[in-house]
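Q: Predicted model, plus sequence, below.
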Amino acid sequence: MPKTATKPRPWAEMATHLVDVAMGRKPADLVIRNGRWVNVHSGEVVAGTDIAIAGGRFAYCGPNAGHAIGQGTKVVDAGGRYLVPGLCDAHMHVESGMVTVTEFCRAVIPHGTTSMFIDPHEIANVLGLPGVRLMHDEAVAMPVNVHVQMPSCVPSAPGLEHAGAELTVADVTEAMTWENIIGLGEVMNFPGVAANDPVMAGEIAATVRAGKTVGGHYASRDLGLPFHGYVAGGPEDDHEGTRAEDAIARVRQGMKAMLRLGSAWYDVASQIKAVTESGLDPRNFILCTDDSHSGTLVHEGHMDRVVRHAIQQGLKPVTAIQMATLNTAQHFRLEREIGSIAPGRL
């Protein structure tokens, strides 16, 4: 097991220090000067921006951080380069890369990915709850944010396969108490949700009671009553759409449409038309990869690849970055921690 990385202290424990740095009463640890601030809250790029950082969190973002520079402050001149929030992968499976969590992070950090939301249902199929715990504990040790979704459907097709394990409502309820479980992984048994299957209903209820996000997986082109029943059952997002009408239907029902570009999935180009052509609010769209093989990571990139692709489809660059940063953070109730360059954030 890797040594647990040193994480910044919670904001509540640092707030007074951040205020002191912002006011110039105490020096920052790091000041980055003369950057172009990609502000995902306002949707603009603000030139001539200085950023002051203390204790691993942003303390000041503005035109001149000279007041935060003191003895021991490291100063970096950005030289007009863009200051972009760390990218977030909203839905993915580390196992698809055929590597461990540690090696996956080693591959994607140089591409700007600083937050991942992983669903380890593949290891859960083999090892059950202990396997999820192994992935969870390794994720906690990473130097970036690797949040774990508790797998919801193990086995994924009850009665049609013989997996190595089975997860129950009690397992999901227990996992919701773990420090790094962010929510319920993609609920693949969409017929079960529409039919009020007690296991599916129980897992979703346990997640909602814990105040965490329920991931969706509606792998059907039928947007009739089964779709409406599925949405009513609680899933809050879906990455299985392939058509513009799929994205439109999900957003209209209050879901987040997750558009994926991975090693096998190419669903951004068709669905982004819901924004570029139909004019839907882009804040309800999120970019992700789902499955990325090692070769894709090494030769093509990770979330940076997805953002570039979305821009190529006609999306404004800042909007594409929002879909890979702030939108994801808000969806997982982490807006005060990640997803933007703004005071208090990591």
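A: Perfect, I can see it now.
Q: Okay, strands next: where are they in the stretch 201-346 of the chain?
A: Using DSSP state E, counting those that start in this stretch, the strands found in the stretch 201-346 of the chain span residues 213-216, 237-238, 256-260, 285-288.
Q: In this structure Gly241 contacts Gln271, no?
A: Yes - counting by C-beta atoms under 8 Å, Gly241 touches Gln271, with 5.6 Å between them. For glycine as for every other residue, the C-beta is placed from the backbone atoms N, C-alpha and C.
Q: Looking at the two, which is more packed in?
A: Neighbours per residue, other C-beta atoms under 10 Å: of Gly241 and Gln271, the larger number sits with Gly241, 26 against 23.
Q: check contacts around that one.
A: The neighbours of Gly241, taking C-beta atoms under 8 Å, 6 or more residues apart in numbering as the test, are 247, 249-250, 257, 259, 267, 271.
Q: Format those residues as a markdown table; extra columns: distance to Met23.
A: What follows is the contacts of Gly241, written out as a markdown table (distance: C-beta to C-beta, whole Å):
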| residue | distance to Met23 |
| --- | --- |
| Ala247 | 45 |
| Ala249 | 49 |
| Arg250 | 44 |
| Ala257 | 41 |
| Leu259 | 41 |
| Asp267 | 47 |
| Gln271 | 45 |
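Q: quick check, nearest of those residues to Val146?
A: Within the set of those, Leu259 lies nearest Val146; the separation is 21.5 Å, counting by C-beta to C-beta.
Q: Point out where the stretch 1-150 of the chain drops to low pLDDT.
A: Segments of the stretch 1-150 of the chain classed as low confidence (criterion: pLDDT under 70) are 1-5.
Q: Try it again at 90.
A: Scanning the stretch 1-150 of the chain with the threshold set as pLDDT under 90 gives 1-8.
Q: got the residue ranges for the helices in it?
A: Using DSSP state H, counting those that start in this stretch, the helices of the stretch 1-150 of the chain run over 11-23, 101-108, 121-140.
Q: Adding mean neighbour count and distance to His217 as columns, could you present the ones you listed in a markdown table?
A: Conversion of the helices of the stretch 1-150 of the chain to a markdown table gives the following (neighbours: other C-beta atoms under 10 Å; distance: least, C-beta to C-beta, whole Å):
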| stretch | mean neighbour count | distance to His217 |
| --- | --- | --- |
| helix 11-23 | 16 | 33 |
| helix 101-108 | 20 | 21 |
| helix 121-140 | 20 | 10 |
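Q: The strands of the stretch 201-346 of the chain: which one's closest to Thr177?
A: Of all the strands of the stretch 201-346 of the chain, strand 213-216 sits nearest to Thr177, with 15.8 Å by C-beta to C-beta.
Q: Tell me which other helices or strands that closest one touches.
A: Strand 213-216 makes packing contacts with strand 181-187, helix 198-209, strand 237-238 when contacts are defined by 3 or more C-beta pairs under 8 Å, 6 or more residues apart in numbering; DSSP states H and E.
Q: Name every strand pairing with it and say which way it goes.
A: When pairing is defined by DSSP bridges, strand 213-216 lines up against strand 181-187 (parallel).
Q: which residues touch the strand it pairs with?
A: Among residues not part of strand 181-187, those counted as contacts by C-beta under 8 Å, 6+ apart are 91, 117, 119-121, 136, 147-153, 172, 175, 193, 200, 203-204, 207, 212-217, 233-235, 239, 332, 334.
Q: how about 6 Å then?
A: With contacts defined as C-beta atoms under 6 Å, 6 or more residues apart in numbering, strand 181-187 is touched by 119, 121, 147-152, 175, 207, 212-217, 235, 332.
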